[in-house]
Every structure is written in structure tokens, then in C-alpha cells.
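# give me a 3D structure for the following:
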Amino acid sequence: MRLEITRTADLAVRALCQLRESGRLKSSALAEALGSTPAFMTQVMAPMVRRGWVTSDPGPTGGYELYVQLGELSILQLIEAIEGPTVTGKCVLRGEPCPSEDVCALHDAWLPARAALMTGRYPFRYGLQTAGLERTGAEELLAWMRELNPGR
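Alright, predicted model coming up:
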């Protein structure tokens, strides 16, 4: 399993939350709100537009607009849309498949973590018991994502 939360995935989560709060935004306004550039925001938003989660309308009255309810998306769907598949068949420690008779130290921890990402359930210490993206504050979600990948 590969799970890496990059700057792109971080911006994608924040962009969806911003669109939920603000409605339609031009790339430049979205980039400014998130501390990025319009060109990078175009790259960040492209996978979400392709999946139909966000609409992108050109022109003076256009911009990005959220097309789905955030509660319909799991964090894992979003991460995989941006970063690619997380299940690679390789162990996170060994870089090769974990043999069932000799699993690595992280094997048992990664299975429920992935399930939590798929269902939108996060660690209880953040007060997010059954919150999906719809009810999750961006700050809480981003804190949890950064805990998964310290140093980002």
C-alpha cells in the first residue's frame, strides 16, 4: 500500500472545502484563497473535473463549482484521484508484497487506516467519529493528513 499526502492532495481537499463555502470561484480567486497559483490550481482541479466532482466553466462568469455533495466522497477517493492508486500490492516497509505468514510491523495498522479513509471515518481524537468531507473542518482533516505524512 502506498499512501502519501502531497501538496497537491492537500490543496485538493482545501479547494473542495473552499468551493463548498464560497460557491463558484475563478481559478485566480481559488488560488489566492488557498495560497497557490492559478496555474497550479488548474493541475490540482483537473482530476476532480474529470471525475465530475467539480465543474469548470470558461469565460468571464465561469470558474470552478462544486458539483457533488462532499459527503458522497471518501478521503481515499480524493487521494487516489490526485495521487493514483494506494493499493500497489507492496508492503509500506519492505517494498514487496507482505507474506501472510510474516507480515510487517505496519501491516495490521494500515488495514483499518485504509478502511477509515474509504468510509470517511477518522481518528476519534479529532472529534470526527462519522464525519465525511461534508462535516469535516478543513483544519481538522488537514491536521490528520499531516500526521500521516509528517514534514509536509
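
# element containing the residue of the chain positioned farthest from its centre?
Distance to the chain centre peaks in the chain at residue 101, reaching 32.6 Å (criterion: CA atoms, centre = their mean). Here residue 101 is covered by no helix or strand, with elements defined by DSSP states H and E.

# separation between residue 8 and residue 41?
10 Å (CB to CB, to the nearest Å). Just so you know, the C-beta spots here come from the backbone N, C-alpha and C atoms, and that holds for glycine as well.

# and for residue 21, the neighbour number?
By the criterion of other CB atoms under 10 Å, residue 21 has 11 neighbours.

# doesn't it lie inside a strand?
No. The assignment for residue 21 (DSSP: H, G, I helix; E, B strand; the rest coil) gives helix, which keeps it out of a strand.

# distance check, residue 10 against residue 79.
Residue 10 is 10 Å from residue 79, by CB to CB.

# and the two? which has more neighbours close in?
residue 79 (23 against 20).

# show the average pLDDT along the helix or strand harbouring that one.
Per DSSP H and E, residue 79 falls inside helix 75-83. The pLDDT scores in helix 75-83 average 82.
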